[in-house]
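**Q** sequence? don't have it. structure:
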């Protein structure tokens with residue numbers, strides 16, 4: 001099964017910090033978390049401050065890095081089937097996964113070691129735009145993951 005995922009982070013730079021992560025399975029199960037201990041607004045780009053931060057939900061979505069690691073691992077393993085993460089950004093989104101599960105004994109037992117890279121072509125972009133037109137919020141990690149899932153489903 002594929003798990004579509006997306007992340008939001010402080011900037012497009014090597015030392016950026018994770019802000020949020022969203023995942024949605026092929027069958028629609030969701031996981032979303034916002035980090036409380038990995039970033040500060042003064043380290044975020046203007047784009048992130050103006051576009052990403054206003055979409056954060058706060059409250060029960062907030063986690064520390066340690067809580068995120070444990071809860072995400074448990075959530076993935078609760079799916080009880082082999083899963084592969086699907087991403088539209090190997091460069092920016094995927095690196096957070098090995099950082100979260102940074103030793104072999106931490107890696108979820110049912111998670112493939114490499115992601116599936118979504119087919120990024122004109123049809124895929126049109127399908128994601130259609131998904132956002134339904135009310136999904138672009139640059140919200142969970143909604144971006146949902147848009148990728150809907151685009152993938154429309155094109156398969």
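**A** Structure received. All values derive from a computational prediction rather than experimental measurement.
**Q** check contacts around residue 39.
**A** 9, 10, 17, 18, 19 (Cβ atoms under 8 Å, 6 or more residues apart in numbering). Bear in mind the C-beta positions are built from the backbone N, C-alpha and C, glycine included.
**Q** Quick one: which of those residues is the most crowded by neighbours?
**A** residue 9 (24 neighbours; other Cβ atoms under 10 Å).
**Q** Any chance of JSON lines for the contacts of residue 39, columns distance to residue 96, secondary structure and pLDDT?
**A** Shown next, in JSON lines, are those (distance: Cβ to Cβ, whole Å; DSSP: H, G, I helix; E, B strand; the rest coil; pLDDT from 0 to 100):
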{"residue": "9", "distance to residue 96": "8", "secondary structure": "strand", "pLDDT": "97"}
{"residue": "10", "distance to residue 96": "12", "secondary structure": "coil", "pLDDT": "98"}
{"residue": "17", "distance to residue 96": "10", "secondary structure": "coil", "pLDDT": "97"}
{"residue": "18", "distance to residue 96": "6", "secondary structure": "strand", "pLDDT": "98"}
{"residue": "19", "distance to residue 96": "10", "secondary structure": "strand", "pLDDT": "98"}
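**Q** Pick the one among these closest to residue 84.
**A** Nearest to residue 84 out of these is residue 18 (Cβ to Cβ; 20.8 Å).
**Q** doesn't residue 123 fall inside a strand?
**A** No: read with DSSP: H, G, I helix; E, B strand; the rest coil, residue 123 is helix and lies in no strand.
**Q** And it, what's its pLDDT?
**A** Listed pLDDT for residue 123 reads 95.
**Q** nearest spatial neighbour of it, skipping sequence neighbours?
**A** Setting aside the residues directly before and after it, residue 123 is nearest to residue 155 in space (Cβ to Cβ, 6 or more residues apart in numbering), at 5.9 Å.
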